[in-house]
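Student: here is the input, now give the coordinates:
(chains A, B and C)
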Amino acid sequence: MRCEIEVQSRSRAEFVDITPLVQDLVQRSGVQQGACTVFVPHTTAAVTCNENCDPSVQADILATLERLVPWRITGTPGSSYTHDEGNSAAHIKASLLGASQTLLVNGGRLALGTWQGLYLAEFDGPRHRRVLVRIMSDAE
Amino acid sequence: MRCEIEVQSRSRAEFVDITPLVQDLVQRSGVQQGACTVFVPHTTAAVTCNENCDPSVQADILATLERLVPWRITGTPGSSYTHDEGNSAAHIKASLLGASQTLLVNGGRLALGTWQGLYLAEFDGPRHRRVLVRIMSDAE
Amino acid sequence: MRCEIEVQSRSRAEFVDITPLVQDLVQRSGVQQGACTVFVPHTTAAVTCNENCDPSVQADILATLERLVPWRITGTPGSSYTHDEGNSAAHIKASLLGASQTLLVNGGRLALGTWQGLYLAEFDGPRHRRVLVRIMSDAE
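Tutor: You can find the predicted model right below:
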């Protein structure tokens, strides 16, 4: 089943929890056993699975990515980026986390670990973002 | 076919070779052509494909990740992490490598390169870890 | 449908645009709705989706990866790598970006964002590289 969800990020860098939205699509698809691919059709956002309980984990991931790949406007002191839109850091973080994740579906639900959530990782917000979702049934 | 494997890591950070276990599941599934998605339902471990020959490659990957994202107990000198379980570095590394990889199946076997193995990347061990595997047949 | 494409990289580190080649395979497969997994059977190259318009984005990604994970021949001053082939940096970058990406197919075409392309990320070229592609149809 082909689906699409939309989210609105509120900050430049942020994890937006899309677990319930994708879980809902899986249940509506009726697929019992299969795979669910989530794909972000953007180049300054990504998808990632990580801790769903303590939000300090998300803050630590974002802060560490920022330390490694700092936001610097191209052409300003300290910046070595050349892309003239100025958001190179967001493009780099997007490739580090990746535009797609494939999750598994067991018993009609996403097979996530107890402490695991699925996130759109926003690196150049706030923006309106689309997330493409496809749920494929295992033929067996 | 839905499957699950279990591994026990022995160190805090380690690559556990799961290639033979997944290869065995592929063969037992009888799928000749298709895709094999491997998913780690944990937030401080990941899956990655890399060199299967010289173990110094794995050591260099782990050492470099540790240099970029050092293990620091939250609240101790030099730590800027805020997550109070103290294992933020493991969460960050897990998102950098990713919770899932999708491999291809050709001729009833994983289509890996000659020097390529599939690894559970442990970042907060030693722990008992599960790896979910789904092998989907290509309808053609 | 199982397919394979071949590319020749020209530099040590480079993004090779494989979007048109994979798009062509999708169209020839006749699959209208489904998923397309792209897998690199190499350990010093990766696949990633990112900006397809301004090539300075690719340059900024490669330069930042090089700053974080510098090319250093094992055994030379300043190198802490141990792998004696000397290309540890390429292996590390390959795991950071990942060996596989799964894209979606809608209406017989790759469902990419307007500014999004699909790239083989070369980290130890120039080399001849293979990219495995599988296009799976959604049973619905």
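Student: how close does whichever residue of chain A sits closest to chain C sit to residue A:4?
Tutor: Residue nearest to chain C within chain A: residue A:41 (3.3 Å; Cβ to the nearest Cβ). (Each C-beta comes from the backbone N, C-alpha and C, glycine too.) From residue A:41 over to residue A:4 the distance is 9 Å, taken as Cβ to Cβ, to the nearest Å.
Student: between the two, which has more neighbouring residues?
Tutor: A direct count of neighbours by other Cβ atoms under 10 Å in any protein chain shown for residue A:41 and residue A:4 places residue A:41 higher, at 20 against 15.
Student: how close does that one sit to residue C:110?
Tutor: In this view, residue A:41 and residue C:110 are 10 Å apart by Cβ to Cβ.
Student: just checking, residue A:48 touches residue A:98?
Tutor: Yes: between residue A:48 and residue A:98 there is a contact at 7.4 Å, judged by Cβ atoms under 8 Å.
Student: surely residue A:62 forms part of a helix?
Tutor: Yes: counting by DSSP: H, G, I helix; E, B strand; the rest coil, residue A:62 is part of a helix.
Student: list the contacts for it?
Tutor: A:13-15 (Cβ atoms under 8 Å, 6 or more residues apart in numbering or on different chains).
Student: likewise for residue A:69?
Tutor: With Cβ under 8 Å, 6+ apart, residue A:69 has these contacts: A:89, A:92-93, A:96, C:64, C:68.
Student: switch to 10 Å and redo it
Tutor: A:81, A:88-93, A:96, A:123, C:60-61, C:64-65, C:67-68 (Cβ atoms under 10 Å, 6 or more residues apart in numbering or on different chains).
Student: do residue A:3 as well
Tutor: Contacts for residue A:3 (Cβ under 10 Å, 6+ apart) come out as A:21-22, A:24-26, A:28-29, A:36, A:38, A:131-135.
Student: residue A:118: which element?
Tutor: If you go by DSSP states H and E, residue A:118 is part of strand A:116-122.
Student: again, but for residue A:93
Tutor: Here residue A:93 sits within helix A:88-97, counting by DSSP H and E.
Student: now do that helix and helix B:88-97, the angle between them.
Tutor: 90 degrees (axes from the mean of the first three to the mean of the last three Cα atoms, to 10 degrees).
Student: which secondary structure elements does helix A:88-97 sit against?
Tutor: Secondary-structure packing of helix A:88-97 (3 or more Cβ pairs under 10 Å, 6 or more residues apart in numbering or on different chains; DSSP states H and E): strand A:45-51, helix A:56-68, strand A:116-122, helix B:88-97, strand C:45-51, helix C:56-68, helix C:88-97, strand C:116-122.
Student: next one, pLDDT for the residue lying farthest from the centre of chain A please.
Tutor: The C-alpha centroid of chain A is most remote from residue A:77, which lies 30.6 Å away (Cα atoms, centre = their mean). Note for residue A:77: predicted pLDDT of 85.
Student: mind telling me which residue of chain A is nearest chain B?
Tutor: For chain A, Cβ to the nearest Cβ, closest residue to chain B: residue A:113, 3.3 Å.
Student: now do the contacts for that residue.
Tutor: By Cβ under 10 Å, 6+ apart, the contact set of residue A:113 is A:49, A:51-52, B:39-43, B:45, B:99, B:130, B:132.
Student: quick one: the helix holding residue A:93 to chain centroid distance?
Tutor: 12 Å (Cα atoms, centre = their mean, to the nearest Å).
Student: do stretch A:67-80 as well
Tutor: Distance, stretch centre to chain centre, for stretch A:67-80: 23 Å (Cα atoms, centre = their mean).
Student: what of stretch A:18-29?
Tutor: 15 Å.
Student: what's that stretch in contact with?
Tutor: Under the contact criterion Cβ under 10 Å, 6+ apart, stretch A:18-29 has outside partners A:1-7, A:31-32, A:34, A:36, A:38, A:40, A:47, A:49, A:52, A:103, A:105, A:108-112, A:116-120, A:129, A:131, A:133-137, C:140.
Student: switch the cut-off to 7 Å
Tutor: Applying Cβ atoms under 7 Å, 6 or more residues apart in numbering or on different chains, the external contacts of stretch A:18-29 come out as A:1, A:3, A:5, A:7, A:36, A:38, A:52, A:105, A:108-110, A:117-120, A:131, A:133, A:135.
Student: which members of those residues occur in strands, if any?
Tutor: Using DSSP state E, A:3, A:5, A:7, A:36, A:38, A:105, A:109-110, A:117-120, A:131, A:133, A:135 are the members of the contacts of stretch A:18-29 that sit in strands.
Student: just the buried ones from the residues you listed?
Tutor: Buried by 16 or more other Cβ atoms under 10 Å in any protein chain shown: A:3, A:5, A:7, A:36, A:38, A:105, A:110, A:117-120, A:131, A:133, A:135, out of these.
Student: roughly how far apart are residue A:112 and residue A:18?
Tutor: For residue A:112, the distance to residue A:18 equals 12 Å [Cβ to Cβ].
Student: cool, and residue A:97?
Tutor: Separation of residue A:97 from residue A:18 (Cβ to Cβ): 14 Å.
Student: more neighbours: those two, which one.
Tutor: Set residue A:97 next to residue A:18 and count neighbours by other Cβ under 10 Å: residue A:97 wins out with 25 against 21.
Student: low-confidence ranges, chain A, go.
Tutor: Along chain A, the model assigns pLDDT under 70 to residues A:139-140.
Student: residues in it within reach of chain C, list them.
Tutor: A:1-2, A:37, A:39, A:41-43, A:68-69, A:80-84, A:88, A:91-92, A:94-96, A:98-100, A:102, A:132, A:134, A:136-137, A:139 (Cβ under 7 Å from any Cβ of the partner chain).
Student: now do 8 Å
Tutor: A:1-2, A:37, A:39-43, A:68-69, A:80-85, A:88, A:91-92, A:94-96, A:98-100, A:102, A:132, A:134, A:136-137, A:139 (Cβ under 8 Å from any Cβ of the partner chain).
Student: any chance of the helices and strands packed on helix A:88-97 in TSV, with distance to residue B:56 too?
Tutor: Below are the helices and strands packed on helix A:88-97 laid out as TSV (distance: least, Cβ to Cβ, whole Å):
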stretch	distance to residue B:56
strand A:45-51	29
helix A:56-68	24
strand A:116-122	32
helix B:88-97	18
strand C:45-51	19
helix C:56-68	20
helix C:88-97	8
strand C:116-122	22
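Student: cool, thanks, talk later.
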